[in-house]
Structures are given as C-alpha cells and as structure tokens.
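**Student:** Generate a structure from the sequence data that follows.
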Amino acid sequence: QVQLVESGGGLVQAGGSLRLSCAASGRTLNNYAMGWFRQLPGTEREFVADISRGGTRTSYTDSVKGRFIISRDNGKNTAYLQMNSLKPEDTAKYYCAATSRAYGVGMPPRSYNYWGQGTQVTVSS
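**Tutor:** Reported below is the predicted structural model:
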C-alpha cells in the first residue's frame with residue numbers, strides 16, 4: 001500500500017504561483033509513475049501532468065504546458081507540481097496519484113492504483 005498526502009494548495013491571485021507537494025509513505029516511490037489530476041465538483045477528474053519513475057519523462061495537458069512543472073525527489077519520497085502564471089480556470093481540487101504500471105503519456109485515472117485526498121487550489125481574477 002502507498003499512502004499519498006498532498007499539500008501546498010491555497011488561494012492565489014491570477015498570475016501567481018503555487019507549489020504542490022505529494023508525500024508518499026508505505027512504499028518506495030521510485031517504484032511508481034506519478035500523476036497529477038484536478039477536478040471540479042460534478043465533473044470528471046482531469047489529467048494535468050505525469051512523470052516516469054526515474055523522472056526522465058514527463059507530459060502535460062495542453063492547457064498547462066509552459067506554466068506547470070512536474071518533478072519528483074525519490075530520495076524524499078515526494079512528487080511536486082510547480083504551478084506558475086496561474087489562471088482562474090486552474091481552480092480545482094488537485095490530486096496526486098501513483099501507479100505501478102509502466103509509464104505512459106497521459107494515462108487516465110483508471111490506470112492509477114493510489115490516490116491522495118486532494119488539495120484545493122483557488123485562483124482569483
């Protein structure tokens with residue numbers, strides 16, 4: 001079992017930045033590809049970014065390319081999502097997830113085994 005805990009969300013003005021963290025416990029994180037997703041109430045969970053086990057491969061949804069950066073520190077068992085130039089449309093609850101599957105670009109939520117509880121990001125205009 002892997003337990004994931006997100007942190008770093010909050011309220012920020014448009015154009016600002018936030019850094020989300022996803023701390024893992026229970027298993028060594030370097031055995032898992034990681035993903036970040038976001039969700040608004042009543043909508044499906046949306047892919048944001050993912051990263052391979054070693055951190056050498058990443059992918060992003062088009063709307064965040066050039067603004068968000070996904071990274072990981074396997075020594076600290078933590079993944080990150082640096083969010084810059086935030087827009088009101090980035091407002092959502094953000095979730096990190098881990099999968100034991102081989103990395104694939106933009107894997108859907110059903111590919112992930114473990115999920116955190118989410119952290120709210122609100123961007124004001």
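**Student:** ok, for the residue sitting nearest the centre point of the chain, nearest residue in space, not its chain neighbours?
**Tutor:** Nearest to the mean C-alpha position of the chain, by C-alpha atoms, centre = their mean, lies Trp36 at 2.3 Å. Nearest residue to Trp36, sequence neighbours excluded (C-beta to C-beta, 6 or more residues apart in numbering): Val48, at 4.4 Å. Glycine gets a C-beta too; all of them are placed from N, C-alpha and C.
**Student:** Which secondary structure state is assigned to that neighbour?
**Tutor:** Taken by DSSP: H, G, I helix; E, B strand; the rest coil, the conformation at Val48 corresponds to strand.
**Student:** picking up where we left off before, wait, is the residue nearest to the centre of the chain part of a helix?
**Tutor:** No: Trp36 is assigned strand when assessed by three-state DSSP, not a helix.
**Student:** quick one: contacts for it?
**Tutor:** 20, 22, 48-50, 70, 79, 81, 94-97 (C-beta atoms under 8 Å, 6 or more residues apart in numbering).
**Student:** Could you dump those residues into CSV with distance to Leu4 added?
**Tutor:** Compiled in CSV, those are given as follows (distance: C-beta to C-beta, whole Å):
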residue, distance to Leu4
Leu20, 12
Cys22, 6
Val48, 15
Ala49, 15
Asp50, 14
Ile70, 14
Ala79, 9
Leu81, 13
Tyr94, 12
Tyr95, 8
Cys96, 5
Ala97, 7
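**Student:** In CSV: these, plus secondary structure and neighbour count.
**Tutor:** Below are these laid out as CSV (DSSP: H, G, I helix; E, B strand; the rest coil; neighbours: other C-beta atoms under 10 Å):
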residue, secondary structure, neighbour count
Leu20, strand, 24
Cys22, strand, 27
Val48, strand, 25
Ala49, strand, 25
Asp50, strand, 26
Ile70, strand, 24
Ala79, strand, 31
Leu81, strand, 27
Tyr94, strand, 23
Tyr95, strand, 24
Cys96, strand, 30
Ala97, strand, 25
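**Student:** Relative to Pro88, which of the residues you listed is nearest.
**Tutor:** Nearest to Pro88 out of those is Tyr94 (C-beta to C-beta; 14.9 Å).
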